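Undergrad: I would like to see how this sequence folds:
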Amino acid sequence: MQYTFAPMEGITNHLYRNAHKDCFTPADRYFIPFVSAKGKGFTGREKRDIAPENNQGMHVVPQVMSNDADSFMWVANELIARGYEEINLNLGCPSSTVISKGKGAGFLGRPEELERFLGEIFSRCPARISIKTRLGMKEPEEFERILEIYNRYPVSELIVHPRIREDLYRLPVRPEWFDFAKQHTDFTLCYNGDLYTAEDVRAFEAAHPDIDRVMMGRGFLMRPGMVGQLRGQEPTVDQLRRFHERMYQAYRDLLGTEAFVMMKMKELWAYLGVGYEIGDKLLKKIRKCDRYRDYDAVMGMVFAAMEEK
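TA: Numbers count the residues shown, from 1 in each chain. Coordinates of the predicted model:
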């Protein structure tokens, strides 16, 4: 089974990907959080994230958010010039800001425009194009037409998150629609959605022996050692300690300001705290930290508690 780390905007940047790769059993692939195709140049964050020198020693796939073929092609050509051979199109983001611009999952509600767009980019782009998609905007049955559209183009891989946009992440996934995809396309399929633990992944593998790849986002953020666990290498507290120290120092070097660094570390622990079951008491202490010295003291408590388990 191939394990892919989903692109998580604002979290799985190049700093995170490199720290994860170096401190844990790495994922087979890392998807870079989406680049917005505006055709006006990249932001500083985007430049750092897609720079080949920041992605050495791992298989990375850049993701593009676009509903305009010319803008998509501007980004595609820039990525190809940097050596990328595959580009992933984001048709799954449910964010209200993205939806209001008719991008991400919002593009699924305009199937005629989507088909014209796909026709243009597949005819013009020399790189492989994969798609990460939801089922539709409001009803899962929308996926029947959407998949018909996808089937007209040489999609290199279809990553299916079986929720509609209105489900956001709150409502359960709809696994029967992943089965529908299996029955109605010959694409290489990848499953994404609510795989939080190694047990979840093993259950999926048992139910779908014909599928050889899965993508995980929040599950990996909660349990960054899951690839090792799935391959018989139980994650250790020392791995997490090294990963934490790496991220802590990287954010201090990049951001400088205590308030910003604390915000980013709290964001990490919102996931890690759940996966490593550190308990509400310690999570509350982390959330209250505004200074490095307070945070350092709480981290001493966190790792001491882990060592005692």
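
Undergrad: residue 89 belongs to a strand?
TA: Yes. According to DSSP: H, G, I helix; E, B strand; the rest coil, residue 89 belongs to a strand.

Undergrad: which SSE is the residue nearest to it when sequence neighbours are not counted in?
TA: Distance criterion CB to CB, 6 or more residues apart in numbering; nearest residue to residue 89, sequence neighbours excluded, is residue 131 at 4.9 Å. All C-beta spots, glycine's among them, are computed from the backbone N, C-alpha and C. Assigned by DSSP states H and E, residue 131 falls within strand 128-133.

Undergrad: tell me which residues are up against that strand.
TA: By CB atoms under 8 Å, 6 or more residues apart in numbering, the surrounding residues in contact with strand 128-133 are 31, 61, 63, 85-92, 105, 108, 121-122, 146, 150, 153-161, 192, 215.

Undergrad: just checking, which of these belong to helices?
TA: Among those, DSSP state H puts 121-122, 146, 150 in helices.

Undergrad: out of those residues, who's nearest residue 171?
TA: residue 146 (18.9 Å; CB to CB).

Undergrad: just the pLDDT for that closest one.
TA: Confidence at residue 146, expressed as pLDDT, is 98.

Undergrad: show me what contacts it?
TA: Residues near residue 146 by CB under 8 Å, 6+ apart: 108, 111, 114, 133, 135-136.

Undergrad: from residue 125, how far out is residue 85?
TA: Per CB to CB, to the nearest Å, residue 85 is found 11 Å from residue 125.

Undergrad: okay, these two: which has more neighbours?
TA: Between residue 85 and residue 125, counting by other CB atoms under 10 Å, residue 125 is the more crowded of the two (18 against 11).

Undergrad: quick one, phi psi at residue 299?
TA: Main-chain torsions, residue 299, degrees, to the nearest 10: phi -60, psi -40.

Undergrad: distance of it relative to residue 268?
TA: Applying CB to CB to residue 299 and residue 268 gives a distance of 11 Å.

Undergrad: please enumerate residues in contact with the longest strand belonging to the chain?
TA: When the chain is parsed with DSSP state E, its longest strand is strand 29-36. Here strand 29-36 makes contact (CB under 8 Å, 6+ apart) with 2-14, 17, 20-21, 42, 46, 49-50, 55, 58-66, 75, 79, 88, 90, 93, 132, 215.

Undergrad: inside strands: which ones of those residues?
TA: 2-5, 60-65, 88, 90, 132, 215.

Undergrad: the least confident helix or strand in the chain by mean pLDDT: how far from the chain's middle?
TA: Within the chain, no helix or strand scores below helix 96-100, which has a mean of 91 by mean pLDDT, DSSP states H and E. Centre-to-centre, helix 96-100 and its host chain are 18 Å apart (CA atoms, centre = their mean, to the nearest Å).

Undergrad: next, the buried residues of that helix.
TA: 98-99 (16 or more other CB atoms under 10 Å).

Undergrad: residues in contact with it?
TA: Residues external to helix 96-100 that are found in contact with it (CB under 8 Å, 6+ apart): 65, 104-106, 165.

Undergrad: pull out the buried residues from those.
TA: Buried subset of the contacts of helix 96-100 (neighbour count, 16+ other CB under 10 Å): 65, 104-106, 165.

Undergrad: and these as a markdown table, adding distance to residue 225?
TA: Shown next, in a markdown table, are the buried ones among the contacts of helix 96-100 (distance: CB to CB, whole Å):
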| residue | distance to residue 225 |
| --- | --- |
| 65 | 30 |
| 104 | 30 |
| 105 | 31 |
| 106 | 35 |
| 165 | 32 |
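
Undergrad: make JSON lines out of those residues and add pLDDT.
TA: Below are these laid out as JSON lines (pLDDT from 0 to 100):
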{"residue": "65", "pLDDT": "95"}
{"residue": "104", "pLDDT": "94"}
{"residue": "105", "pLDDT": "95"}
{"residue": "106", "pLDDT": "95"}
{"residue": "165", "pLDDT": "93"}
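
Undergrad: what residues do residue 299 and residue 268 have in common as contacts?
TA: With CB under 8 Å, 6+ apart as the test, residue 299 and residue 268 both reach residue 244.

Undergrad: dihedrals phi and psi, residue 256?
TA: Torsion angles, degrees, to the nearest 10, at residue 256: phi 80, psi -50.

Undergrad: can you tell me how far it is from residue 292?
TA: Distance of residue 256 to residue 292, given as CB to CB: 12 Å.

Undergrad: mind checking which of the two has more residues around it?
TA: The neighbour comparison of residue 256 against residue 292 (other CB under 10 Å) goes to residue 292, with 14 against 9.
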